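Q: Following is a predicted model, sequence given first.
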Amino acid sequence: MLLQNNTIVVRRPRVITLLTDFGTQDAYVGIMKGVIAGINPSATVIDICHSTPPQDTFSGAYLLSTSYKYFPEKTIHVAVVDPGVGSRRDIVCVETKDYFFLVPDNGILSFIVQEERPESIIRVTNSKYFLPSLSYTFHGRDVFAPVAAHLSLGIKTQQLGIRINQLEQLDVPKPVLKIAGRVEGQIIYIDRFGNLITNVTKEYLVKGVGGQKPEVGSKKQDAFKKTSKEKILSQLCTMETTIGKKKILGLSKTYTDVQTGEPLALIGSAGFLEVSINQGNAQRYFKVDKGSKIIIENVR
Amino acid sequence: MLLQNNTIVVRRPRVITLLTDFGTQDAYVGIMKGVIAGINPSATVIDICHSTPPQDTFSGAYLLSTSYKYFPEKTIHVAVVDPGVGSRRDIVCVETKDYFFLVPDNGILSFIVQEERPESIIRVTNSKYFLPSLSYTFHGRDVFAPVAAHLSLGIKTQQLGIRINQLEQLDVPKPVLKIAGRVEGQIIYIDRFGNLITNVTKEYLVKGVGGQKPEVGSKKQDAFKKTSKEKILSQLCTMETTIGKKKILGLSKTYTDVQTGEPLALIGSAGFLEVSINQGNAQRYFKVDKGSKIIIENVR
Amino acid sequence: MLLQNNTIVVRRPRVITLLTDFGTQDAYVGIMKGVIAGINPSATVIDICHSTPPQDTFSGAYLLSTSYKYFPEKTIHVAVVDPGVGSRRDIVCVETKDYFFLVPDNGILSFIVQEERPESIIRVTNSKYFLPSLSYTFHGRDVFAPVAAHLSLGIKTQQLGIRINQLEQLDVPKPVLKIAGRVEGQIIYIDRFGNLITNVTKEYLVKGVGGQKPEVGSKKQDAFKKTSKEKILSQLCTMETTIGKKKILGLSKTYTDVQTGEPLALIGSAGFLEVSINQGNAQRYFKVDKGSKIIIENVR
């Protein structure tokens, strides 16, 4: 809150999000929040997720990509899935039109850079914004938390270190169009409900299973308007999804389109093709895991 | 914060609570909080619980009923255990004297309506308060979160849609008084500690095991005064609780009334008869589950 | 926010932290936060951890000791691992130079009192600051939450009850220096990653394995400066850690100092000797548990 010309100006506080693989059984996440509260007591800190499997940068990258754009502009997204902590890997602050990302440079932004252009990438080196005493194994506490808190107070990213040009990339598996009307994808994430989330976007599905060469990386939020969705569903009612030795015909809108306990395929809330069981667990039903293949064909 | 007649008026912010079956291993809950922060950056969001077993509306109903009244007046309680998401089930906003409840109309308020009279029930249909692009499978993000945020900013519930008169009800099992002095109840919830929480309220127990016909649904917070509690305990020292083939004599006040590892019956913090093990786990000890029978008799 | 002499004074809000064994599968923690929000809607509440194993006061004590000093001054640390709830155990409010601790008097401050001198210890008895209706089994809701909220509003600790002189102590195992150059410690905590945290502090290690009689309880935050750390590492490159029948030579700085899947010993972020596996789980690798012995020798 500032006083300017006798007017009270309440600055919209910046949100800080946290995504880690620290779990919640220890005190690591709480400690990070303590450090933030000490630097900016007004910061709003929101947990995205702390149960990323230990050192699983890929899952962290996926989860962050499904979440970041639902936060207010200028949110500072902090993601610490960091198997290289204490080694020579960099910590980077990436600024896009709407957001800041403070992450180890290990590919955790690999999904996001398909959608958002980095306006600047800073290698974070200015220890003025770190805790005074730096451990080798808990940079979440000693670097990420204090730097995020300072960013939430409004410092410029340039103050954090020097500009670099490139980010590390993970190998994000792309769906493959083997022959017209036949798409091969794979399971990239499985959620709490056992829903099998694939790397096949709605756009890829429409074009691929319709027989055209699809563009990669054109997932847009507004492509999800109701009218277009209805059209897609009617186009894809003759598609068949093969997972293991089982087949699912058609594309459902929602879980309850099939009987309780029955499998279905639908476009999930993050825009990817998803295989589910109505009120059941598709991972247990199909006995598959991350990386398992999935084939979608037009059987018209 | 408003300026009125040169006076600063700080409006007490409304609390939003979240109860879901989304778990914390994915990003679903964080995304809901991001949406809320985008609409009302000053909202205080408090998690009640996200580990309700998937699609277990009954457990969600129980947990919400034990929690809601410990929150400040005008709190907006959002409960998303919603196996019917995307189907024709309604989303409703129920206003009582002190609270708002924003829930799928699937019976998740079944315990609460035994204690609180709805002053209005609105079927939420006004998409002006939803996210612009609506998915079929994640209404927590697209409907519940933005509507709750708008409610926390002070919109009237009537703006959300049209008034209806009835809510769906779950089948909440009632304790049964078979013969005077003998009550049959069942386990309705088991908590982290393995405590077995039954559907037998303290009031039912006093009257039922004392031989009078008890009223149903008269659980009142102030009935729990210290003096009355002491009286109850002396009245019920000759009661015997049967669970499986095991029996527990008397009613304890607290866990440490028996030796470590020993079973006991007591009135739990939510006002229900509860079977526990001092520093142990009653679910493992008795090998029972939700729905298991429990019999309480006066053996005087 | 106060108006004083036409100036707006924004008081830095006091943080309340919560550490419990309540887990997150039930509503217990959410209920505590509801009670706090009802008394002080501006309180910042931060979870340290709720997954302390049920009734495991020792783990609670360890976790609190690694966290408390990363929070702002005047933070109110509330720790409810309370197997004696409802019995005659006391609830105490301990004030140190920088912090308040509101805890059951069961030894949960045993680690902290090795580092912080209590300026006052108050037995909390003034029911004016409790919820009006007091249960026997959920003092987190009925006592700890409301008292913490009142403390965050600025009441003095003396208003809570009467001064006492002593705190209960847990038996905190100390490392043992059997012969010069040979230290025997034990595993006191195992975190989510399977890191084995021992009771051997960096200071004890330096002096013990170097052959001098080490002081106990001299862990100081500023002892962790970079220069001194480099020195320690070179001094300890000839140390050998024995755990079960396996041996680890030397002291690493960070996980990536060894190959993926290889074991290492390092000084962890809380200042204790820790045994880890780079990108693996040391608990599963060594098949050990809390309480297991560990021997560190100088094999120069």
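A: Yep, it's here.
Q: Domain ranges for chain A, per the record?
A: Split into domains by automatic domain parsing, chain A comes to A:2-164, A:176-298.
Q: so which of those domains gets nearest B:Ile248?
A: Closest of the domains of chain A to B:Ile248 is domain A:2-164, at 32.5 Å (criterion: CB to CB). The way it works is simple: take the backbone N, C-alpha and C, and place the C-beta from them, glycine included.
Q: Might you calculate how far the closest one sits from the centre of the chain?
A: Between the centre of domain A:2-164 and the centre of its host chain there is 14 Å, according to CA atoms, centre = their mean, to the nearest Å.
Q: That one and chain B in contact?
A: Yes - with CB under 8 Å from any CB of the partner chain as the criterion, chain B is reached by domain A:2-164 at A:8, A:10, A:12-13, A:15, A:17, A:19, A:24, A:44, A:46-51, A:63-64, A:66-67, A:70-72, A:75.
Q: Show only the entries of these found in helices.
A: Of the residues of domain A:2-164 next to chain B, the ones assigned to helices by DSSP state H are A:63-64, A:66-67.
Q: Assumed A:Ala145 was part of a helix.
A: Yes - counting by DSSP: H, G, I helix; E, B strand; the rest coil, A:Ala145 is found in a helix.
Q: Tell me the residues on chain A that lie near chain C, please.
A: Counting by CB under 8 Å from any CB, the residues of chain A close to chain C are A:1, A:3, A:8, A:22-31, A:33-35, A:37-38, A:41, A:54-55, A:83-87, A:132-138, A:141-142.
Q: for chain A, what helix or strand is lowest in average pLDDT?
A: The helix or strand with the lowest mean pLDDT-type score in chain A, counting by mean pLDDT, DSSP states H and E, is strand A:2-4 (a mean of 49).
Q: For chain B, give me its nearest residue in the stretch 151-300 of chain A.
A: When CB to the nearest CB is the measure, the stretch 151-300 of chain A has its nearest residue to chain B at A:Thr254, with 2.8 Å between them.
Q: Phi and psi next, for the residue in the stretch 51-200 of chain A positioned nearest to chain C.
A: Going by CB to the nearest CB, chain C is nearest to A:Gly86 of the stretch 51-200 of chain A, at 2.8 Å. Backbone torsions for A:Gly86, taken as degrees, to the nearest 10, come to phi 80, psi -10.
Q: Check A:Val299 too.
A: Note on A:Val299: backbone dihedrals following degrees, to the nearest 10 are phi -100, psi 20.
Q: cool, A:Tyr28 as well?
A: Per-residue torsions, A:Tyr28: phi -60, psi -40 (degrees, to the nearest 10).
Q: same check, this time on the one 5 residues further on
A: Here is the backbone geometry of A:Lys33 (degrees, to the nearest 10): phi -70, psi -30.
Q: what sits against the closest residue to it other than its chain neighbours?
A: Nearest in space to A:Lys33, with sequence neighbours left out and distances taken as CB to CB, 6 or more residues apart in numbering or on different chains, is C:Ile46 at 4.7 Å. Counting by CB atoms under 8 Å, 6 or more residues apart in numbering or on different chains, C:Ile46 touches A:30, A:33-34, A:37, C:15-18, C:71.
Q: now those in TSV, with neighbour count and distance to A:Gln259?
A: Converted to TSV, those look like this (neighbours: other CB atoms under 10 Å in any protein chain shown; distance: CB to CB, whole Å):
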residue	neighbour count	distance to A:Gln259
A:Gly30	24	44
A:Lys33	25	45
A:Gly34	24	49
A:Ala37	24	50
C:Val15	23	50
C:Ile16	26	48
C:Thr17	29	48
C:Leu18	25	43
C:Phe71	24	52
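Q: Just the ones in strands from those residues, please.
A: The members of the contacts of C:Ile46 that map onto strands under DSSP state E are C:15-18.
Q: which among those gets closest to chain B?
A: Closest approach to chain B among the ones in strands among the contacts of C:Ile46 (CB to the nearest CB): C:Leu18, at 11.8 Å.
Q: need the contact list for that closest one.
A: Going by CB under 8 Å, 6+ apart, C:Leu18 touches C:29, C:32-33, C:45-48, C:50, C:78, C:80.
Q: Quick check: bridge partners of the nearest residue to A:Pro175 once chain neighbours are set aside?
A: The shortest distance from A:Pro175 to any residue that is not its chain neighbour, by CB to CB, 6+ apart, is 4.1 Å, and that residue is A:Gly185. Beta-bridge partners for A:Gly185, by DSSP bridges, are A:Ile294.
Q: now do A:Ile179
A: A:Arg182.
Q: What is the burial count for it?
A: When neighbours are counted by other CB atoms under 10 Å in any protein chain shown, A:Ile179 registers 8.
Q: can you check A:Arg117 too?
A: With neighbours defined by other CB under 10 Å, the count for A:Arg117 comes to 7.
Q: Please look at it and A:Val94 and confirm they touch.
A: No - with the criterion set as CB atoms under 8 Å, A:Arg117 and A:Val94 do not qualify as a contacting pair; they are 10.2 Å apart.
Q: Spit out the residues that contact these two alike.
A: Taking CB under 8 Å, 6+ apart as the contact criterion, A:Arg117 and A:Val94 have no common neighbours.
Q: beta partners for the nearest residue to A:Arg89 once chain neighbours are set aside?
A: With sequence-adjacent residues excluded and distances taken as CB to CB, 6+ apart, A:Arg89 is closest to A:Pro104, at 5.6 Å. In this entry, A:Pro104 is beta-bridged to A:Ile91, by DSSP bridges.
Q: Let me see the contact set for A:Pro104.
A: Under the criterion of CB under 8 Å, 6+ apart, the contact partners of A:Pro104 comprise A:80-82, A:84-85, A:89-92, A:139.
Q: Let me know the closest of the residues you listed to C:Lys128.
A: Distance from C:Lys128 was checked for each of those by CB to CB. The minimum falls on A:Val80, at 43.3 Å.
Q: Against A:Ile48, how distant is that closest one?
A: Using CB to CB, to the nearest Å, A:Val80 is found at 11 Å from A:Ile48.
Q: Can you check which residues contact both of these two?
A: The overlap between the contact sets of A:Val80 and A:Ile48 (CB under 8 Å, 6+ apart) consists of A:18-19.
Q: A:His50 against A:Thr20, yeah?
A: Yes - under the contact definition of CB under 8 Å, A:His50 touches A:Thr20, with a separation of 5.0 Å.
Q: so what sits against both of the two?
A: Any residue near both A:His50 and A:Thr20 by CB under 8 Å, 6+ apart counts here, and that gives A:Val29.
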